[in-house]
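**Q** Okay, sequence plus prediction incoming.
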Amino acid sequence: MMKYKKLTQEQIIISLDRLTRFKNTKEKYLRVFADIITSNLIEPKYKKNDILSLSPHTIKELTEEIFNGSLVDMPNDLSINRILTEYENSIFINDEYTKILLENKLNYISALRVLSNNIPINLKWLKSLAEVNLDLKQNRELHCFKYPIEKVILVEGLTEEILLPAFSKFLGYDFYQKGIQVIGAGGKNQVVKMYYKLINELKIPIFLLLDKDAEENIRQITPKLRNIDRIHLVSCGEFEDLLPKSLIIKTLNSHFVNFTTVTNSDLVDGLPEVKNLENIFKTKGMHEFKKADFAKLVRDNISEKTDVSAEIAEIIKEISESHKTLDTKICSC
């Protein structure tokens with residue numbers, strides 16, 4: 001006989017959050033279902049290593065019993081389940097094992113009642129699925145929910161991950177409204193590895209943004225580049241070198257107001273902007289220069305058209321365009 005302890009409210013929220021993140025369907029569903037079974041099933045008892053030996057039907061049924069039994073109402077409306085199943089299958093390449101996990105009867109309608117208003121964007125989107133009668137794209141564009149995701153931007157680091165959405169929104173192309181997910185890979189070599197992984201998982205377009213020194217990496221990617229994907233190689237240096245000097249100076253002076261002043265002479269022509277910034281922070285007695293922290297400062301100071309360089313505007317334009325044909329853009333200085 002099956003015995004289990006009910007999920008706590010926190011466990012329900014965590015499960016909903018993880019199931020609706022932008023992540024490989026099989027990985028996230030197995031993780032969530034395995035956590036529910038191993039943490040709450042008393043008899044029979046399974047360890048995490050045991051879960052993979054079970055059939056997907058058994059994993060799904062055990063999870064349904066525990067999840068739904070932890071809620072007051074029994075499931076009688078599976079509309080959200082159908083939406084999530086269709087969504088996951090529309091963007092990810094799912095095998096039959098994964099499709100069985102997706103065809104579940106989790107009681108989303110009742111589970112949503114434990115969610116507050118202070119929740120991440122994916123849960124706001126999930127909550128909206130029970131409240132509005134719009135198609136998914138209309139719902140996203142109306143409320144800027146980001147979901148459903150329609151396009152991935154793969155970048156090297158946090159600077160691009162932070163600033164691309166900010167510049168794009170300023171130019172009138174809101175990533176959350178258009179269903180765009182930005183992924184920072186952590187370096188040019190990691191971009192290659194991540195791209196190889198994603199093309200075996202995703203049905204949707206991928207836009208790759210790489211620094212100038214990644215020409216060899218592009219040669220590695222190009223033979224596998226799908227006709228729906230696109231590459232932009234920064235024309236000179238890295239993303240920080242695309243920032244207008246006026247924006248850099250405005251950002252620094254805004255942050256260090258009443259402490260120090262930065263002028264054009266502090267930004268040496270021909271020197272990479274990251275090196276300039278490291279020198280400024282060092283010589284003016286600032287704290288250590290960190291790319292991500294500086295990117296957040298820049299984001300808060302984007303306020304006028306001159307803050308967007310021509311190449312950044314071109315990158316945003318390329319992202320906004322259709323990905324129907326192969327179009328690899330490699331610029332040079």
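**A** It's in. The shown structure was predicted, so the numbers you read here are calculated from the model rather than taken from an experiment.
**Q** Report the separation between Ser267 and Ser235.
**A** One correction, residue 267 is Leu, not Ser. Distance of Leu267 to Ser235, computed by C-beta to C-beta, to the nearest Å: 18 Å. Every residue, glycine included, has its C-beta placed from N, CA and C.
**Q** just Ile248 next, same as before
**A** To Ser235, Ile248 is 18 Å away according to C-beta to C-beta.
**Q** Of those two, which one has the most company?
**A** Taking neighbours as other C-beta atoms under 10 Å, Ile248 and Ser235 compare with Ile248 leading, 24 against 16.
**Q** wait, doesn't the more buried one sit right on Thr263?
**A** No - between Ile248 and Thr263 there is no contact under C-beta atoms under 8 Å: 11.1 Å.
**Q** Test for you: state the pLDDT assigned to the most centrally placed residue in the chain.
**A** Nearest to the geometric centre of the chain sits Gln181, at 4.0 Å (C-alpha atoms, centre = their mean). Here, the pLDDT recorded for Gln181 equals 97.
**Q** Can you classify it by secondary structure?
**A** What DSSP: H, G, I helix; E, B strand; the rest coil gives for Gln181 is strand.
**Q** With Ile228 instead?
**A** Here Ile228 is recorded as coil under three-state DSSP.
**Q** Next up, identify which helix or strand Asp269 is on.
**A** Using DSSP states H and E, Asp269 sits within no helix or strand.
**Q** That one and Asn276: what is the separation?
**A** For Asp269, the distance to Asn276 - C-beta to C-beta - is 10 Å.
**Q** if you count what's nearby, which of those two comes out ahead?
**A** A count of neighbours by other C-beta under 10 Å puts Asn276 above the other of Asp269 and Asn276, at 21 against 7.
**Q** For the more buried one, which non-adjacent residue is spatially closest?
**A** In this structure, Asn276 finds its nearest non-sequential neighbour in Leu267, 4.9 Å apart by C-beta to C-beta, 6 or more residues apart in numbering.
**Q** show me what contacts that neighbour?
**A** Contacts for Leu267 (C-beta atoms under 8 Å, 6 or more residues apart in numbering) come out as 245, 248-249, 273, 276, 280.
**Q** Pull up the gap between it and Asp95, please.
**A** Leu267 is 52 Å from Asp95, by C-beta to C-beta.
**Q** do Asn189 as well
**A** Per C-beta to C-beta, Asn189 is found 28 Å from Asp95.
**Q** Compare those two (neighbour count), which wins?
**A** Comparing Asn189 with Asp95 by other C-beta under 10 Å, the one with more neighbours is Asn189, at 14 against 11.
**Q** now the helix or strand containing the more buried one: how far from the chain's centre is it?
**A** Per DSSP H and E, Asn189 falls inside helix 188-198. Taking C-alpha atoms, centre = their mean, to the nearest Å, the mean C-alpha location of helix 188-198 is offset from the chain mean by 15 Å.
**Q** export that helix as CSV, just CAs?
**A** Extracted as CSV, the C-alpha positions of helix 188-198 are listed here (Å, rounded to 0.1, in the frame of the first residue of the first chain):
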residue,chain,number,x,y,z
LYS,A,188,33.5,31.9,-26.3
ASN,A,189,34.5,28.2,-26.0
GLN,A,190,31.5,27.6,-23.8
VAL,A,191,29.3,29.3,-26.4
VAL,A,192,30.4,26.6,-28.9
LYS,A,193,29.6,23.8,-26.4
MET,A,194,26.3,25.3,-25.5
TYR,A,195,25.3,25.7,-29.1
TYR,A,196,26.1,22.1,-29.9
LYS,A,197,23.9,21.1,-27.0
LEU,A,198,21.0,23.4,-27.8
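**Q** Output the contacting helices and strands for that helix.
**A** Other helices and strands packing on helix 188-198, by 3 or more C-beta pairs under 8 Å, 6 or more residues apart in numbering; DSSP states H and E, are strand 151-155, strand 206-210, helix 215-221.
**Q** Save the ones you listed as CSV, and put in mean neighbour count too.
**A** CSV is the format used below for the helices and strands packed on helix 188-198 (neighbours: other C-beta atoms under 10 Å):
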stretch, mean neighbour count
strand 151-155, 22
strand 206-210, 24
helix 215-221, 15
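**Q** Distance to Thr85 added to these, as JSON lines?
**A** Shown next, in JSON lines, are the helices and strands packed on helix 188-198 (distance: least, C-beta to C-beta, whole Å):
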{"stretch": "strand 151-155", "distance to Thr85": "21"}
{"stretch": "strand 206-210", "distance to Thr85": "23"}
{"stretch": "helix 215-221", "distance to Thr85": "32"}
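**Q** Ok, which of those comes nearest Lys305?
**A** Across the helices and strands packed on helix 188-198, Lys305 has its closest neighbour in strand 206-210 (21.6 Å, C-beta to C-beta).
**Q** Partner strands of that closest one and their direction?
**A** Next to strand 206-210 in the sheet, as set by DSSP bridges, lie strand 151-155 (parallel), strand 230-233 (parallel).
**Q** The nearest residue to Ile280 once chain neighbours are set aside: neighbouring residues, count only.
**A** Closest residue to Ile280 apart from its sequence neighbours, by C-beta to C-beta, 6+ apart: Asp266 at 5.4 Å. By other C-beta under 10 Å, the residues close to Asp266 number 18.
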